[in-house]
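Visitor: quick one, fold the following:
(one chain, ligands or ions: 1)
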Amino acid sequence: MTYIGRFAPSPTGSLHIGSLVTAVGSYIHAKQFGGKWVLRIEDIDQIRTAPGATDSILKTLDAYQLEWDGEIRYQSPETKHYIKVAEKLILQGLAFKCSCSRKKLKMVNNDSNAIGIRCQSNCWTEENQLGPTSIRVIADSSNINFVDYLQGIQKCNLFNCMGDYVIVRRDSVPSYHLATVLSDDLQGITTIVRGIDLLELTAIHIHLQQILRLQTPNYLHLPVIVNSKGQKLSKQTGAAPVDNTDTTNIAVKVLNYLGLQAPKELIGSQPKELWNWAIKNWDPKILNNKKQLKIDTL
Ligand code: GLU
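Guide: Numbering: from 1, shown residues only. Below is the predicted model of the structure:
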């Protein structure tokens, strides 16, 4: 089977150093396997999409000479298809319409984390479906177990750890879970390399793949970069956009985060040369079980 990997940023802002590390990690891993690396812009949530963000992401990928294979895929034109899939799950008795807000669910479940939330008994009857409804998949008692290439064995009892999860939001926008699982399938993705912040949600993705009878890809969750307060870098935590002018030095730093020390003779080289060296030399196992990398230690 040909390896197809991907980078799937949401255009909510420019890439920061953490997202660049994920992009490079997924790129060199794919190329090490002689695979393809495709680019998907996860713009399904138009409200969170920031003007100019896609352009900025593409400029950074260009500046860092990260060449994707084939055409860029955008999720937003596929919205109707995703909704149809969700409606089919309702007809199959695997999903249901729900008018509960997260707040209400937390209340009825007496659960401040809203983990393991159960909704059906409270609001899936016709008379309770007032106002806009989301679509939730019924969390059965499946045990979703999988092995992450870096983070090892993962176990989740869907009912206890996730509860009835949303696949279409109350504003009729397909959820990240549904969109990402269907896009990965449409693009024939065989291996997903992404940040560990998404590891927990992978059980939902595998459950969806099972009920939709789709292939489950391999997963590798990279540690995320955190700031001095231990917060994951993000727009919300004030992460700066990647500097597109100092690419040679930053590329060396990115490799350091991935556990690679570029040889002296390559310092000052174009990113492409550094990536080519990394493709030959990267052993992701050096990051085994690592969850976080501190930004200020490098
Ligand atoms: N679009 C997500 C993000 O930017 C990543 C999705 C994924 O890799 O599954 O955080």
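Visitor: element containing residue 274?
Guide: For residue 274, the element it lies in under DSSP states H and E is helix 271-281.
Visitor: residues making contact with that helix?
Guide: Contacting residues not belonging to helix 271-281 are listed as 24, 27-28, 31-32, 63-66, 247-248, 251-252, 255, 258, 260, 262-263, 266 [C-beta atoms under 8 Å, 6 or more residues apart in numbering]. C-beta: built from backbone N, CA, C; applies to glycine.
Visitor: buried sites along the following helix or strand past that helix?
Guide: Counting by DSSP H and E, the next helix or strand C-terminal to helix 271-281 is strand 292-294. Of the residues in strand 292-294, those buried under the neighbour-count criterion (16 or more other C-beta atoms under 10 Å) are residue 293.
Visitor: how many neighbouring residues does residue 93 have?
Guide: For residue 93, the neighbour count with other C-beta atoms under 10 Å is 8.
Visitor: can you check residue 96 too?
Guide: Residue 96: 20 neighbours (other C-beta under 10 Å).
Visitor: could you look up the SS state of it?
Guide: On the three-state scheme (DSSP: H, G, I helix; E, B strand; the rest coil), residue 96 is labelled strand.
Visitor: can you check the pLDDT for it?
Guide: Per-residue pLDDT puts residue 96 at 88.
Visitor: what pairs with it across the strands?
Guide: Counting by DSSP bridges, residue 96 forms beta bridges with residue 136.
Visitor: ok, back up a step: which ones among the contacts of helix 271-281 lie within strands?
Guide: Per DSSP state E, strands hold no members of the contacts of helix 271-281.
Visitor: buried ones among those residues?
Guide: 24, 27-28, 31-32, 63-64, 66, 247, 251-252, 255, 258, 260, 262, 266.
Visitor: now do the same for residue 154: helix, strand or coil?
Guide: Recorded secondary structure, residue 154: strand (three-state DSSP).
Visitor: and the nearest residue to residue 97 once chain neighbours are set aside, how far is that from residue 95?
Guide: Using C-beta to C-beta, 6 or more residues apart in numbering and skipping residues adjacent in sequence, the residue nearest residue 97 is residue 133, 4.0 Å away. In this view, residue 133 and residue 95 are 11 Å apart by C-beta to C-beta, to the nearest Å.
Visitor: tell me, how many residues neighbour the residue nearest to residue 23 when sequence neighbours are not counted?
Guide: Closest residue to residue 23 apart from its sequence neighbours, by C-beta to C-beta, 6+ apart: residue 7 at 4.8 Å. Residue 7 has 24 neighbouring residues, counting by other C-beta under 10 Å.
Visitor: before we move on, what about residue 153?
Guide: By other C-beta under 10 Å, neighbour count at residue 153 equals 8.
Visitor: touching, it and residue 199? I think so.
Guide: No - applying C-beta atoms under 8 Å as the test, residue 153 and residue 199 come out as separate, 12.0 Å apart.
Visitor: just the pLDDT for the residue nearest to residue 294 when sequence neighbours are not counted.
Guide: Counting by C-beta to C-beta, 6+ apart, residue 294 lies nearest to residue 226, which is 6.0 Å off, once chain neighbours are set aside. Note for residue 226: predicted pLDDT of 87.
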